[in-house]
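Colleague: I need the structure of the sequence given here:
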Amino acid sequence: MAAVKLRRILVYLDGSGRRAAAALTQAAALAQVSGARLKIIDVVREPPRRLARLGGRSFRKLLADARREQLETLCAGLAEQEIAHSIDVRSGVPFVEVIRSVLTDRCDLLVKSAERRGSPGIFGSTDMSLLRKCPCPLLLLKPGGGQLRRVLAAVDPDPEDAVRDSLNPQIMAFAALMRQLTDGTLDVAHAWSIVGEDLLRGGIAGISKTQLRELARRERQEHLEALEQMLAPYGMELRSPHVHVLKGDADQVLPEVAEQLHADLLVMGTVGRVGLAGVFMGNTAEAILSRVDCSVLALKPEGFVSPVTRA
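Modeller: As a prediction, the model looks like this:
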């Protein structure tokens with residue numbers, strides 16, 4: 001069972017209130033546990049041409065310098081905690097510049113507070129762009145969410161899908177790390193369903209109810225065996241009250257179980273079609289993220305290439 005190795009954590013502070021403080025606090029806790037270095041970043045938007053200069057000085061630089069002063073004030077406590085860090089203020093499209101920083105500095109994790117309050121759908125446009133296109137793990141914190149005491153890991157063991165299957169060890173490792181921070185609870189959930197079950201139930205294919213029940217029994221057993229094998233290295237068993245096997249579409253049942261458990265953090269993969277231009281997150285992942293009302297730690301599969309490149 002491989003542990004997570006965090007060497008460089010990027011913290012995107014796109015504000016100065018509680019949202020920014022929450023992201024900084026969480027990143028600092030991770031840095032203390034892992035010994036990682038923090039890089040604090042924010043992005044000021046490009047001013048219109050008519051505001052290119054003010055008082056003989058670059059308007060863009062004025063904005064960047066002012067924001068840097070704010071960030072230095074926000075990060076003053078990091079030195080007292082002996083956490084190595086640096087500050088970077090850029091200008092341009094926020095999600096693009098943040099991803100460029102991830103690529104340039106080879107960051108192992110990006111931490112950010114979600115853009116807006118709401119239930120469900122707490123993630124704004126920049127959040128969704130990062131979820132789709134950021135190549136490194138992304139921790140998006142629910143505003144006002146507090147400590148991440150109950151962690152839910154959404155796994156999907158599937159020997160027939162090497163890309164999806166390869167995400168499970170990452171999901172479990174990050175979930176264990178996040179649980180370690182608060183000495184909280186770790187739950188594991190796996191959703192399964194029969195492809196085309198609604199059509200089969202309609203009788204159009206000539207499948208009887210008895211045959212359908214037998215198909216469901218076999219499918220469930222296959223998923224249980226795969227999940228049992230996946231959980232073995234982590235000392236978890238199927239009969240544990242912290243292991244949840246859910247029948248139904250993942251985009252429906254995972255948000256429901258997260259709500260029932262009062263999960264503070266959902267750790268999940270965002271598997272799209274690796275290598276297919278323009279497709280960066282799976283439809284199921286998008287649907288889940290549009291419904292959950294908790295913080296999310298989203299992971300990309302090995303080999304994912306962001307459409308954003310270094311400048």
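Colleague: So residue 72 versus residue 11, what's the distance?
Modeller: Distance, residue 72 to residue 11, using Cβ to Cβ, to the nearest Å: 14 Å. For glycine as for every other residue, the C-beta is placed from the backbone atoms N, C-alpha and C.
Colleague: The two: who's more crowded?
Modeller: Using other Cβ atoms under 10 Å, the more surrounded residue of residue 72 and residue 11 is residue 11, with 29 against 11.
Colleague: Is it correct that the more buried one is in contact with residue 41?
Modeller: Yes - taking Cβ atoms under 8 Å as the contact criterion, residue 11 and residue 41 are neighbours in contact, 7.0 Å apart.
Colleague: Spit out the contact partners of residue 78.
Modeller: Residues near residue 78 by Cβ atoms under 8 Å, 6 or more residues apart in numbering: 24, 28, 38, 85.
Colleague: Looking at the residues you listed, which are in strands?
Modeller: Secondary structure from DSSP state E places 38, 85 of the contacts of residue 78 in strands.
Colleague: Just flag the most distant two among the contacts of residue 78.
Modeller: 24 and 85 (9.7 Å; Cβ to Cβ).
Colleague: Can you show me the strands along the chain?
Modeller: 8-12, 37-44, 53-54, 57-58, 85-91, 109-113, 138-141, 150-154, 185-192, 243-247, 265-269, 295-299.
Colleague: Among these, which comes closest to residue 98?
Modeller: Between residue 98 and those, the shortest separation by Cβ to Cβ is 5.2 Å, and it involves strand 8-12.
Colleague: Quickly run through the sheet partners of the closest one, with directions.
Modeller: Applying DSSP bridges, strand 8-12 is found paired with strand 37-44 (parallel), strand 109-113 (parallel).
Colleague: ok, and which of those has the densest surroundings?
Modeller: Among the strands paired with strand 8-12, strand 109-113 has the highest mean neighbour count (mean count of other Cβ atoms under 10 Å), at a mean of 26.
Colleague: what does that strand rub up against?
Modeller: 6, 9-12, 14-15, 19-20, 22-23, 26-27, 30, 36, 98, 102, 127, 130, 134, 136-141, 143.
Colleague: so how far is that strand off the chain centroid?
Modeller: Here strand 109-113 is found 9 Å from its chain centre; the criterion is Cα atoms, centre = their mean, to the nearest Å.
Colleague: now do stretch 14-33
Modeller: Here the centre of stretch 14-33 is set off from its chain's centre by 16 Å, with Cα atoms, centre = their mean.
Colleague: need the helix or strand of this protein with the lowest average pLDDT.
Modeller: Ranking every helix and strand in the chain by mean pLDDT, DSSP states H and E puts strand 53-54 at the bottom, with a mean of 62.
Colleague: residues near residue 7, how many?
Modeller: If you count neighbours by other Cβ under 10 Å, residue 7 ends up with 13.
Colleague: Ignore what I typed, I meant residue 185.
Modeller: If you count neighbours by other Cβ under 10 Å, residue 185 ends up with 14.
Colleague: and what of residue 29?
Modeller: Residues lying near residue 29 (other Cβ under 10 Å) number 18.
Colleague: Then residue 293?
Modeller: Using other Cβ under 10 Å, residue 293 has 17 other residues around it.
Colleague: Now that it has come up, it's in contact with residue 143, right?
Modeller: No - judged on Cβ under 8 Å, residue 293 makes no contact with residue 143 at a distance of 11.1 Å.
Colleague: Find residues that contact each of those two.
Modeller: Taking Cβ under 8 Å, 6+ apart as the criterion, residue 293 and residue 143 both touch residue 122.
Colleague: Confidence-wise, which of the strands of the chain is weakest overall?
Modeller: Of all those, mean pLDDT reaches its minimum on strand 53-54 (a mean of 62).
Colleague: For the closest residue to residue 103 other than its chain neighbours, which residues are in contact?
Modeller: Spatial nearest neighbour of residue 103, excluding adjacent residues (Cβ to Cβ, 6 or more residues apart in numbering): residue 310 at 5.3 Å. Neighbouring residues of residue 310 by Cβ under 8 Å, 6+ apart: 100, 103, 104.
Colleague: can I assume residue 243 is in contact with residue 234?
Modeller: No - at 10.3 Å, residue 243 does not count as touching residue 234 under the criterion of Cβ under 8 Å.
Colleague: Any chance of the strands of the chain in CSV with distance to residue 288 as columns?
Modeller: Converted to CSV, the strands of the chain look like this (distance: least, Cβ to Cβ, whole Å):
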stretch, distance to residue 288
strand 8-12, 22
strand 37-44, 27
strand 53-54, 45
strand 57-58, 43
strand 85-91, 31
strand 109-113, 18
strand 138-141, 13
strand 150-154, 8
strand 185-192, 10
strand 243-247, 12
strand 265-269, 7
strand 295-299, 9
